[in-house]
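Participant: here is a sequence together with a model predicted from it:
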Amino acid sequence: MTQPIRNIAIIAHVDHGKTTLVDAMLRQSGIFRENQIVADRVMDSGDLERERGITILAKNTALFYRDTKINIVDTPGHSDFGGEVERALRMVDGVLLLVDASEGPLPQTRYVLQKALQAKLPPIIVLNKIDRSDARTKVVLDEIYDLFIDLDATEDQLSFPVLYTNAKTGVAHRALNDSSTNLQPLFETIVASIPPPSGDPSGILQIQVTNLDYNDFLGRIAIGRVFNGTLRRGAEVGIARLSGQLLPTTITKLFTFRGLQRDEADAVTCGDIVAIAGVEGIQIGESITDLEAPAPCEPLTIDEPTLAMIFTVNTSPLAGREGSLVTSRDIRDRLQKELLTNVSIRVEDSDTTDAFRVLGRGELQLAILIETMRREGYELMVGKPEIVVRTENGRRVEPLEQLVVDCPESFVGIVMETLGSRRGELTKMVNHGSGRVRMEFRIPSRGLIGLRGLLLTETRGTVLLHSLFAGWTDYAGELASRSTGALVADRVGKTTAFALWNLQERGELFVGPVTEVYEGMIVGENSREADMDVNVTKEKKQTNMRASSADEAIRLVPHRVLTLETAIEFIADDEFVEVTPKSIRLRKKVLDPRRRPRRWQQIRASVPASSTPA
């Protein structure tokens, strides 16, 4: 008799507590030893995930409740990583929708729920963080019902069970303030409400690969769900390629999941999630099936990317000092490797052999890829993000976003003014009476480039932004670009406090004293529209009247330290971000000031041409 199985994905908006809830479920299911030391957010295993506090990659685990095995997939909560969510939903038979009891449904909640309803997966609603002082559980539950109705949910999907949890303390309630002290109500609801997997253990083998892993000893490991049949170790099977080919192969090892571990198995029946070794060359979306009677699964459908960036070889005077992987071949190989595991990005060749056009879902997704590459020792330069424009029925269309802005009441005016200049259209405004206002806009994707940093500055760090791809709209013409110029170093050398002190009134600096610079490197933001070439290496000269250090102490305003995201948001069309394992620098594409076109002339010259209809 096979063991009962439940397959479930935990979906939610970013930072609503998915990974914390999985932590509590693993601890209370008895997966860990009593004396085992386990880190918080155990499923966020990557360094970047731990540093940023977000889930980037979909990961699966398994626990046991009484005699039932529960396979759990923890999905990302940020819309830029929606490709991970789409794959995860193919592996499960139901979803656990987690919603913050204070913030309520946000754009990514809508996105992941829409995907789940389209796949006809039954939901369980979990209102988390009920201990918050500003929790509004009844109102949020009404908002969830409204969201389901808005997404055309069926009557069966609307009859969902509701639980109230505090994931941090590991407590779930069927009704608010009942006597529960653990997550047992949640486990019981999963077993009762999520249907068991379908399929015939003796039928034709059907497995779809939804994730890939790599082991130095076993090689490539394919992770997927057995939809039909039984897979045995040593079996001769066929890999159904996306191109239509059927390649024979032998299964060398099989693994099932238990907590954070993988257990070796002799056979895995339909309904379970399996890791398979000995399948070199297999890709995400491909199927493993019978050789004699092949029946491959339907290919995965992934939403198209909406944003593109140029990745190119680092050509600055400081190139090659900090990174070990600097050639175009290194960058090309790394991007091709990324394509194997990240199905939501595309890589295209550009006009030159040294540059590549990388397309993705958003700035954060591409920034995570760049950050991962620099930590692996790569040096490269990246250009300004640009939206993907396409032609439909003779019309130019561009991606549209649904943007939710949450800010204090006192900043509503500046937020609306900023978004109005970027073609944002206000569709809804709600004041919950807590001193903060939530506004919903429809805005072209181009309008989001550089928006987060600008609004954080204008609202003194109090604004919250959440966006979601909302379809395609007619091209809106030219949008307002960065209104300030750059302070550009005009010579090679090291910066001095004296030179920076004289320049800090001109704008905001990006470098401190004793920083190595080169001609064409951007060292600050000018307060005016035009770029300004400046000497940041100037020293105070000694005279016969005084020593060079005789004046009053120089007081420098602290410079702005650029992160990768803020650098990408800041740059203009004629600028690059130089990325190395140790440094983030900004530079002009053309370093020689005599050959460099004036930025303000370019902007003004481009307006009449771009404002004409396409």
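Facilitator: Looks like it arrived, so ask away.
Participant: in stretch 144-154, which residues are buried?
Facilitator: Across stretch 144-154, burial judged by 16 or more other C-beta atoms under 10 Å covers Ile144, Leu147, Phe148, Ala153. C-beta coordinates here come from the backbone N, C-alpha and C atoms, glycine included.
Participant: those residues in helices, which ones?
Facilitator: With helices defined by DSSP state H, the entries of these inside them are Ile144, Leu147, Phe148.
Participant: can you give me the strands in the stretch 1-150 of the chain?
Facilitator: Under the criterion DSSP state E, counting those that start in this stretch, the stretch 1-150 of the chain contains strands at 5-12, 59-65, 68-74, 94-100, 123-128.
Participant: ok, the buried residues of stretch 144-154 vs Leu366, which is closest?
Facilitator: Nearest to Leu366 out of the buried residues of stretch 144-154 is Leu147 (C-beta to C-beta; 29.1 Å).
Participant: related to what we said a few turns ago, return the member of the buried residues of stretch 144-154 nearest to Leu231.
Facilitator: When those are compared for distance to Leu231 (C-beta to C-beta), Ala153 comes out closest, at 34.8 Å.
Participant: where does the stretch 51-200 of the chain dip in pLDDT?
Facilitator: Judged against pLDDT under 70, the low-scoring parts of the stretch 51-200 of the chain cover residues 51-59, 76-84.
Participant: now the helices for it?
Facilitator: Across the stretch 51-200 of the chain, reading from the start of the chain, the helices by DSSP state H, counting those that start in this stretch fall at 82-89, 107-118, 137-150, 155-158, 184-193.
Participant: those helices: which one's closest to Lys384?
Facilitator: For these, proximity to Lys384 was assessed by C-beta to C-beta; helix 82-89 is nearest, at 22.9 Å.
Participant: about what we covered before: Serialize the ones in helices among the buried residues of stretch 144-154 to a markdown table and add fields for distance to Leu231.
Facilitator: Rendered in a markdown table, the data for those read as follows (distance: C-beta to C-beta, whole Å):
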| residue | distance to Leu231 |
| --- | --- |
| Ile144 | 39 |
| Leu147 | 39 |
| Phe148 | 37 |
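Participant: element containing Ala567, please.
Facilitator: Under the assignment given by DSSP states H and E, the secondary-structure element containing Ala567 is helix 564-570.
Participant: CA atoms of that helix as PDB?
Facilitator: What follows is helix 564-570 as a C-alpha-only set of coordinates in PDB (Å, rounded to 0.1, in the frame of the first residue of the first chain):
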ATOM      1  CA  LEU A 564      23.900  47.800  -7.300                       C
ATOM      2  CA  GLU A 565      20.200  48.600  -7.500                       C
ATOM      3  CA  THR A 566      20.600  52.300  -6.900                       C
ATOM      4  CA  ALA A 567      23.400  52.400  -9.500                       C
ATOM      5  CA  ILE A 568      21.200  50.700 -12.100                       C
ATOM      6  CA  GLU A 569      18.300  53.100 -11.300                       C
ATOM      7  CA  PHE A 570      20.500  56.200 -11.500                       C
END
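Participant: what's the closest of the helices of the stretch 51-200 of the chain to Asp349?
Facilitator: helix 82-89 (22.0 Å).
Participant: show me the shaky parts of the stretch 201-350 of the chain.
Facilitator: Judged against pLDDT under 70, the low-scoring parts of the stretch 201-350 of the chain cover residues 216, 301.
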